[in-house]
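S.K.: Build me a structure from this.
(chains A, B, C and D)
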Protein chains: 2
Amino acid sequence: MANLTLEDIAKKAGVSRSTVSRVVNGHENISDGVRQRVLKVIKETGYRPNSAARTLASQRSQMIGLVLPHSVSLLFTDPYFPQLLKGISQACNQYDYTLAFFLVSSKKEEEKILKRMPNKGLLDGVLVQSGHHGDQGIIGHMIDAKIPQVVLGRPFRSDNVSYIDIDNIRAAYYAVSHLVRLGYQRIATITGPLESTAGLDRLEGYTKVIEERGNGLHQDLVIESDFTELGGYYAMEKLLQKHPDAVFVASDTMAMGAIRAIKEHNLKIPEDIAIIGFDDLPMRTFTDVELTTVRQPVIEMGRKSVELLLDLIENGTQPPRHMILDAKLVVRATCGSIKNARS
Amino acid sequence: MANLTLEDIAKKAGVSRSTVSRVVNGHENISDGVRQRVLKVIKETGYRPNSAARTLASQRSQMIGLVLPHSVSLLFTDPYFPQLLKGISQACNQYDYTLAFFLVSSKKEEEKILKRMPNKGLLDGVLVQSGHHGDQGIIGHMIDAKIPQVVLGRPFRSDNVSYIDIDNIRAAYYAVSHLVRLGYQRIATITGPLESTAGLDRLEGYTKVIEERGNGLHQDLVIESDFTELGGYYAMEKLLQKHPDAVFVASDTMAMGAIRAIKEHNLKIPEDIAIIGFDDLPMRTFTDVELTTVRQPVIEMGRKSVELLLDLIENGTQPPRHMILDAKLVVRATCGSIKNARS
DNA sequence: AATGGTTTTGGGAGCGCTCTCATAATCATA
DNA sequence: TATGATTATGAGAGCGCTCCCAAAACCATT
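M.R.: Residues are numbered from 1 along each chain as shown, chains lettered A, B, ... in the order given. Below is the predicted model of the structure:
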């Protein structure tokens, strides 16, 4: 009963190995009688095909990798990742692919992983979380190794690579416009790290609105931070000295830190300072803040990235494709209402 | 340059396939000259061994699976999982194993995954997150398929399975004892789901302390919940009617909910109600609460579980092993001090 | 120089599957 | 019933590696 092979099943069913293979893989042109007989033997014996042999013969592993580079491993406790993983997992399960997970927590690990990954017969393709300068190494490595690849988040050099992302510039533009529309005058921003495209683009959206408004862009209302709660806290501490009446914070996690700083100064949200975040993570799981924020469709992004990658695997790498998903502003309590802003 | 095989390298280096294989796998008894020559060719050509062929020939995939069953997929946004994943990943990287990730988000997915996983040549072993009744199916499946397995968290039937966990009874006992020592009189508890061993054991630790104290166990100070923030919130809402002066909450996430409820009633922590949580998750990333809690060594648990599994894979499954790690009480602000409790 | 022991190398037989090609069975049509 | 077209099945050649066994090369003895 231990480890049956196709050949064993074939013998028991009185057919050839090829025929059993056809049944297992659901090919056509099998007479019904034979199929039933083979299926019966398979069920009785509990036969499971050997994945490695399959991979070797077919040159397809039915497995894709997800790489979270060093630059994001620090942020890994952010609820963004469980969501992403959920979307990716669901798609993998749906399409019968196995997901190999690579969390790179140090430069040393990166080397090891990069050595192991391009092995033929291991992965059919990879998803790489990106957005940071430091990730170009991994992305380039995959290109060199000719492994089909989809990058999550626009990478810095995107001309020869497929990626999926939202339009961060537009989303930020829309969020900040909302603050303008509500009548806020001194609108500040806490940005993500500016070695990330997300950080850069969200700042660009902000800048665009402020410049269009025509009152001029105050550099001291712009503070770069790092997508962490603590970073948001310190950035807000500094910002409070400049007395903004609204802040566009480039991530929900940083927004939590900013809110903590504001509360410590006994200021009220949104009465004294309005806040808009970015991500729409399930923060309410941990806090009671009704954060106005930009919703990133994280789970959907995970799903779509898998679908895009599988398409790339099936149909060759043709010109790289760029998939931009919609983000939308979710208005809750922290941005205040028009009435409030005017009073 | 495309896909070189051992044979190609052998030809280029003027040796046999076997010799190249020996060099690649770091075997001994290779003359230095030959080794250098082969290594040089490998470097020049960028040769990478074919994983599938290796697996097929050696009957080892160097890959382990991590299964998060349906019962935990709902809790997956809990920061517990990123931490666990981090520990597991690090160990996998260290020992040159690849991690296959299976998040089961529905019964239907479970079937598919269980069909795929026991394939020979896919996984050398699996880690199964557990603690719930519902997971016995998956655990049993692995036993039947004779796949080496380590369960994360004591499963309900643990006699024929290896697992790793902390001593939840002792940890809870210790935490509640601390509250007693501080002088609290009406100590309540919000439990985890009682179809989980963790929920059950933490309640048992609580019960033991209360009974030993001799004032009797008040059933209305015990409320079962579900490890979510919202669950903690509602449980606390109910509990507040019974006027406890301290609450042992069986998870940090629930504690956050409980704290939210307490604040809404304008009660002070710890002056009016003391709180002890469980997990020591990086909650301070999201809130400013200085939560007294029981630290689970989650990352270490991840690491150790991999080591245990690899040991099982190497040395056969012998009698199942049970590894119990230490948890310890981390005293912060929410449990109050002796002074405070007496005043 | 012959003997026996130790390293180092090569050859071959799989591992269990897929996939093409050839053959056999079946069917429809004249 | 013979003919060709169609469908169902089998045989064989790999996929690229590991690992055992035998042969060759090397080494130190006597």
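S.K.: where does the stretch 51-200 of chain A have low pLDDT?
M.R.: Counting by pLDDT under 70, the stretch 51-200 of chain A shows no low-confidence range.
S.K.: That one against chain B: which residues are in contact?
M.R.: Applying Cβ under 8 Å from any Cβ of the partner chain, we find that the stretch 51-200 of chain A lies next to chain B at A:51-56, A:61, A:63, A:66, A:73, A:76-79, A:81-83, A:85-86, A:89-90, A:93, A:96, A:98-105, A:109, A:112-113, A:116, A:118-122. Where C-beta positions appear, they are placed from N, C-alpha and C, glycine not excepted.
S.K.: Settle this for me: A:I88 is touching A:L127, isn't it.
M.R.: Yes. With contact defined as Cβ atoms under 8 Å, A:I88 and A:L127 form a contacting pair (6.7 Å).
S.K.: shared neighbours of these two, anything?
M.R.: Counting by Cβ atoms under 8 Å, 6 or more residues apart in numbering or on different chains, the shared contacts of A:I88 and A:L127 are A:L66, A:S305, A:V306.
S.K.: near DNA strand C, which residues of chain A?
M.R.: A:3, A:5-7, A:17-18, A:21, A:24-25, A:49-50, A:53-54, A:56-58 (Cβ under 7 Å from any atom of the strand).
S.K.: Filter those down to the ones in helices?
M.R.: Applying DSSP state H to those, the entries found in helices are A:L6, A:E7, A:R17, A:S18, A:S21, A:V24, A:A53, A:R54, A:L56, A:A57, A:S58.
S.K.: How about the contacts made by the second one?
M.R.: Contacts here follow Cβ under 8 Å, 6+ apart; on that basis A:E7 touches A:R17.
S.K.: Now do the phi/psi pair for the residue of chain A found nearest DNA strand D.
M.R.: Closest approach between chain A and DNA strand D, counting by Cβ to the nearest atom of the strand: A:N29, at 2.8 Å. Main-chain dihedrals, A:N29, degrees, to the nearest 10: phi 60, psi 50.
S.K.: and it, how many neighbours?
M.R.: Neighbourhood size, A:N29 [other Cβ atoms under 10 Å in any protein chain shown]: 5.
S.K.: so what's it up against?
M.R.: A:R22.
S.K.: Tell me if A:V247 really is in a strand.
M.R.: Yes. The assignment for A:V247 is a strand, going by DSSP: H, G, I helix; E, B strand; the rest coil.
S.K.: quick one, what contacts it?
M.R.: A:I187, A:A188, A:T189, A:I190, A:M236, A:L239, A:A258, A:I273, A:A274, A:I275, A:I276.
S.K.: so is A:I30 in a helix, a strand, or just coil?
M.R.: Classification of A:I30 by three-state DSSP places it in coil.
S.K.: distance of it from chain B?
M.R.: For A:I30, the distance to chain B (Cβ to the nearest Cβ, to the nearest Å) stands at 21 Å.
S.K.: which residue sits closest to that residue in space, ignoring its chain neighbours?
M.R.: A:R22 (5.5 Å; Cβ to Cβ, 6 or more residues apart in numbering or on different chains).
S.K.: How many residues are close by the one you found?
M.R.: 18.
S.K.: Look up how far A:V23 lies from the residue of chain A closest to DNA strand D.
M.R.: With distances taken as Cβ to Cβ, to the nearest Å, A:N29 is found 11 Å from A:V23.
S.K.: Quick check: nearest residue in space to A:K107, chain neighbours excluded?
M.R.: A:K107's closest residue in space is A:H70 (Cβ to Cβ, 6+ apart), at 6.5 Å.
S.K.: And for A:D78?
M.R.: The nearest residue in space to A:D78 (Cβ to Cβ, 6+ apart) is A:T253, at 5.6 Å.
S.K.: Now that neighbour: which helix or strand?
M.R.: Per DSSP states H and E, A:T253 falls inside helix A:252-264.
S.K.: before we move on, what about A:G231?
M.R.: Per DSSP H and E: helix A:229-240 holds A:G231.
S.K.: residue ranges for the helices of chain A, please.
M.R.: Applying DSSP H to chain A gives helices spanning A:6-13, A:17-24, A:32-45, A:51-58, A:70-73, A:80-94, A:107-116, A:136-144, A:168-181, A:197-213, A:229-240, A:252-264, A:298-315, A:338-342.
S.K.: since we're on A:Q136, how many residues are nearby?
M.R.: The burial count for A:Q136: 15, using other Cβ under 10 Å.
S.K.: If you could redo that for A:G14, that was the one I meant.
M.R.: Count around A:G14 with other Cβ under 10 Å applied: 11.
S.K.: who's in contact with A:A235?
M.R.: A:I190, A:I223, A:E224, A:S225, A:M254, A:G257, A:A258.
S.K.: confidence score at A:N29?
M.R.: As predicted, A:N29 sits at a pLDDT of 85.
S.K.: how near is the single nearest residue of the stretch 101-250 of chain A relative to chain B to B:L56?
M.R.: Scanning the stretch 101-250 of chain A for the residue nearest chain B gives A:G121, at 3.2 Å (criterion: Cβ to the nearest Cβ). From A:G121 across to B:L56, the span is 9 Å (Cβ to Cβ).
S.K.: where do the contact lists of the two overlap?
M.R.: Counting by Cβ under 8 Å, 6+ apart, the residues touching both A:G121 and B:L56 are A:L56.
S.K.: Give the buried subset of the ones in helices among the residues of chain A next to DNA strand C as a PyMOL selection command.
M.R.: Buried residues among these (16 or more other Cβ atoms under 10 Å in any protein chain shown), as a PyMOL selection:
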select buried, chain A and resi 6+21+24+53+54+56
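S.K.: Let me know the closest of the ones in helices among the residues of chain A next to DNA strand C to chain B.
M.R.: Out of those, the member with the shortest distance to chain B (by Cβ to the nearest Cβ) is A:L56, at 4.2 Å.
S.K.: Show the contacting residues for the residue nearest to that closest one when sequence neighbours are not counted.
M.R.: Excluding its sequence neighbours, the residue lying closest to A:L56 (Cβ to Cβ, 6+ apart) is B:A52, at 4.2 Å. Listed by Cβ under 8 Å, 6+ apart, the contact partners of B:A52 are A:A52, A:A53, A:T55, A:L56, A:S61, A:K120, A:G121, A:L122.
S.K.: And for A:R35, nearest residue in space, chain neighbours not counted?
M.R.: Here the residue nearest A:R35, using Cβ to Cβ, 6+ apart, is A:V23, at 5.5 Å.
S.K.: The one you found - how many residues pack around it?
M.R.: By other Cβ under 10 Å, neighbour count at A:V23 equals 22.
S.K.: what's the spacing between it and A:S16?
M.R.: 11 Å.
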